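[1] What would the 3D arrangement of this be:
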Amino acid sequence: MEKIAVIGAVLSHPETTQVLFNQTVAAYKNLIKGRMGIPFDKEDTAVIAITLQGGLDEINALTGKLGKIEGVSVKTAISDSL
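    Sure thing, here's the model as predicted:
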């Protein structure tokens, strides 16, 4: 069963975390419906919101991989059902 989800991510020191973050997200490009990133240059932080649609296992796999990146904090909200 497909779900709609949004992943919110905060990247500390994005100059060192962003490449791996982007590579990880690109591996799941078939799920991605939209993405918004906001840099906070003064705070050396970036905030990224990713909207996606896919199976629960795929959503959880992406969230887990992003959460394992040092300097990245993630939270996911997932729809009940479609």
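[2] only C-alpha atoms for contact and neighbour calcs from this point on.
    Will do.
[3] so what's the backbone phi/psi at residue 69?
    Summarising the backbone geometry of residue 69 under the convention degrees, to the nearest 10, its torsions are phi -80, psi 130.
[4] Could I get the contacting residues of it?
    When contacts are counted by C-alpha atoms under 8 Å, 6 or more residues apart in numbering, residue 69 touches 17, 20, 21.
[5] Can I get the buried part of these as one ChimeraX selection?
    Restricted to the buried members of the contacts of residue 69, where burial is judged by 16 or more other C-alpha atoms under 10 Å, the ChimeraX selection command reads as follows:
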select :17,21
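[6] Strands - which of the contacts of residue 69 land there?
    Assignment to strands by DSSP state E places none of the contacts of residue 69 there.
[7] Got the confidence number for residue 12?
    Taken from the predicted model, the pLDDT recorded for residue 12 is 97.
[8] What is the neighbour count of residue 38?
    Neighbour count for residue 38, taken as other C-alpha atoms under 10 Å: 11.
[9] ok, now which ones touch it?
    For residue 38, the contacting residues are 46, 47, 48, by C-alpha under 8 Å, 6+ apart.
[10] gap between residue 35 and residue 29?
    Using C-alpha to C-alpha, to the nearest Å, we find residue 35 at a distance of 11 Å from residue 29.
[11] Then residue 8?
    Counting by C-alpha to C-alpha, the gap between residue 8 and residue 29 amounts to 16 Å.
[12] So if I had to pick from these two, which one is more boxed in?
    Here residue 8 and residue 29 are set side by side on neighbour count (other C-alpha under 10 Å), and the busier one is residue 8, at 18 against 12.
[13] Partner strands of the one helix or strand that one maps to and their direction?
    Secondary-structure element containing residue 8, defined by DSSP states H and E: strand 2-12. Taking DSSP bridges as the criterion, strand 2-12 forms sheet pairs with strand 45-55 (antiparallel), strand 72-78 (antiparallel).
[14] For it, C-alpha coordinates in CSV please.
    The C-alpha atoms that make up strand 2-12 are tabulated as CSV, following Å, rounded to 0.1, in the frame of the first residue of the first chain:
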residue,chain,number,x,y,z
GLU,A,2,1.4,3.4,-1.0
LYS,A,3,1.7,6.2,1.5
ILE,A,4,2.4,10.0,1.2
ALA,A,5,5.1,11.3,3.5
VAL,A,6,7.2,14.3,4.2
ILE,A,7,10.7,14.0,5.5
GLY,A,8,12.1,17.0,7.4
ALA,A,9,15.9,17.2,7.7
VAL,A,10,18.2,19.6,9.4
LEU,A,11,21.8,19.5,8.2
SER,A,12,24.5,20.8,10.5
